[in-house]
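>>> What follows is a predicted structure for the sequence shown.
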Amino acid sequence: MTENSTPIEPEDGTPIDEAAVETVEEAARDIDEKLLQQIIEGLLMASGKPLSVAALAELFVEAERPTNDQIRAALARIAEGCEERGFELKEVASGFRFQVRQHLSPWIARLSEEKPQRYTRALLETLGLIAYRQPITRGDIEEIRGVAVSSTIIRTLLDREWIRVVGHRDVPGRPAMFATTRHFLDYFNLKSLQELPPLSEIRDLDQLNPELDLGDGSEGRVLTLPDEQDAGPDTDDEAIDPDKLIDEDEAMALAKRPLDDILGYGRDKQDQTDE
């Protein structure tokens, strides 16, 4: 019984068994917790995208809306219940979602009749530099890589919603500044940019271009980015050699490795070919 509740005595004057009442009230709370857990499980199963705690709360009418702490407690119980299952409850940038465990991907991939998408080494280099040096312009990327960046690469990253335009640098020509998106974090199973491999683990990065400081403190910064803006027209599309593409699964695995591995990927093969 609550502290302010008034006990109700039976008409025959028999004393109320307060312990029994508390047991009933506790059982009712347990039922509510189980129902809340079932509702959240159903919402996450039916949703085609991750749901945040706030988004889950908004799906309840105000009179029955649980607190954020109650929702998080239910999510914790759901996650615990998935520990020995083939799927898990994963928190990414946009919220929570159910997903198959990563080590089962070879079997799950056999369900898909479509061939996995393939990406060039140049695209992966560009994406890696945007992820670590954002916001960054196309000119900055070209300066680091030492070669021109194809508009096809930028357009592909924009179309996949892995990057967006967050502003324009106040210099002649006002070049677009690019940054990664929540969709990028969701796709690569990241909750935030701080889950990227820290720059301190990247070897010899300063040799790429000493003029661009990618070092002290960069890995810890939190970015607050403005709304997306128009990137402007493309001007220098170029054809992509199919022989230089890699599988999407391979690209995802590579994207989780240190940036110097990404930047050096494929060069050994190219050197062998040149010989």
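On my side now, so go ahead. Numbers count the residues shown, from 1 in each chain.

>>> Please enumerate the helices of the stretch 101-250 of the chain.
Assigned by DSSP state H, counting those that start in this stretch, the helices in the stretch 101-250 of the chain fall at 105-108, 121-133, 138-145, 151-159, 182-187, 248-255.

>>> any idea which of the ones you listed scores lowest on pLDDT?
Lowest mean pLDDT within the helices of the stretch 101-250 of the chain: helix 248-255, at a mean of 50.

>>> quick one on the thing from earlier: out of the helices of the stretch 101-250 of the chain, flag the one nearest Ala54.
Closest to Ala54 of the helices of the stretch 101-250 of the chain is helix 182-187 (CB to CB; 14.2 Å). To be clear about C-beta, it is placed using only N, CA and C from the backbone, and glycine gets the same treatment.

>>> Distance of Val147 relative to Arg121?
Distance, Val147 to Arg121, by CB to CB, to the nearest Å: 11 Å.

>>> Looking at those two, which one has more neighbours?
More neighbours surround Arg121 than the other of Val147 and Arg121, with 20 against 10 (other CB atoms under 10 Å).

>>> hey, which of the helices of the stretch 101-250 of the chain is tucked in deepest?
Mean neighbours per residue, mean count of other CB atoms under 10 Å, is largest over the helices of the stretch 101-250 of the chain for helix 121-133, with a mean of 22.

>>> okay, that helix in PDB with CA atoms only?
Output of helix 121-133 as PDB, limited to C-alpha atoms (Å, rounded to 0.1, in the frame of the first residue of the first chain):
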ATOM      1  CA  ARG A 121      39.000   1.700 -52.900                       C
ATOM      2  CA  ALA A 122      38.800   5.400 -53.800                       C
ATOM      3  CA  LEU A 123      35.200   5.500 -52.400                       C
ATOM      4  CA  LEU A 124      36.300   3.900 -49.200                       C
ATOM      5  CA  GLU A 125      39.200   6.300 -48.800                       C
ATOM      6  CA  THR A 126      36.900   9.200 -49.400                       C
ATOM      7  CA  LEU A 127      34.300   7.900 -46.800                       C
ATOM      8  CA  GLY A 128      37.100   7.200 -44.300                       C
ATOM      9  CA  LEU A 129      38.500  10.800 -44.600                       C
ATOM     10  CA  ILE A 130      35.000  12.300 -44.300                       C
ATOM     11  CA  ALA A 131      34.300  10.200 -41.200                       C
ATOM     12  CA  TYR A 132      37.500  11.300 -39.400                       C
ATOM     13  CA  ARG A 133      38.000  14.800 -40.600                       C
END
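
>>> what's that helix packed up against?
Applying 3 or more CB pairs under 8 Å, 6 or more residues apart in numbering; DSSP states H and E, one finds that helix 121-133 contacts helix 138-145, helix 151-159, strand 176-180, helix 248-255, helix 259-264.

>>> Can you pull the poorly scored residue ranges out of this structure?
Scanning the chain for pLDDT under 70 picks out the ranges 1-31, 116, 199-275.

>>> For the stretch 1-150 of the chain, which segments are assigned as strands?
With DSSP state E, counting those that start in this stretch as the criterion, the stretch 1-150 of the chain has strands at 87-92, 95-100, 118-120, 136-137.

>>> Return the most buried member of those.
The stretch of these with the highest mean neighbour count (mean count of other CB under 10 Å) is strand 136-137, at a mean of 22.

>>> wait, what's in contact with Val61?
Taking CB atoms under 8 Å, 6 or more residues apart in numbering as the definition of contact, Val61 has no neighbours.

>>> roughly how far apart are it and Leu44?
19 Å.

>>> how is the protein carved up into domains?
The chain breaks down into these domains under automatic domain parsing: 18-105, 118-269.

>>> do you know how far Arg101 is from Thr67?
Distance from Arg101 to Thr67, by CB to CB: 30 Å.

>>> out of the two, which sits in the busier spot?
Arg101 (13 against 10).

>>> For the residue lying closest to that one once chain neighbours are set aside, name its beta-bridge partners.
Among residues not flanking Arg101 along the chain, Glu88 sits closest, at 5.6 Å (CB to CB, 6 or more residues apart in numbering). Listed by DSSP bridges, the beta-bridge partners for Glu88 are Gln99.

>>> Isn't Glu88 up against Phe98?
Yes. Using CB atoms under 8 Å, Glu88 is in contact with Phe98, at 7.3 Å.
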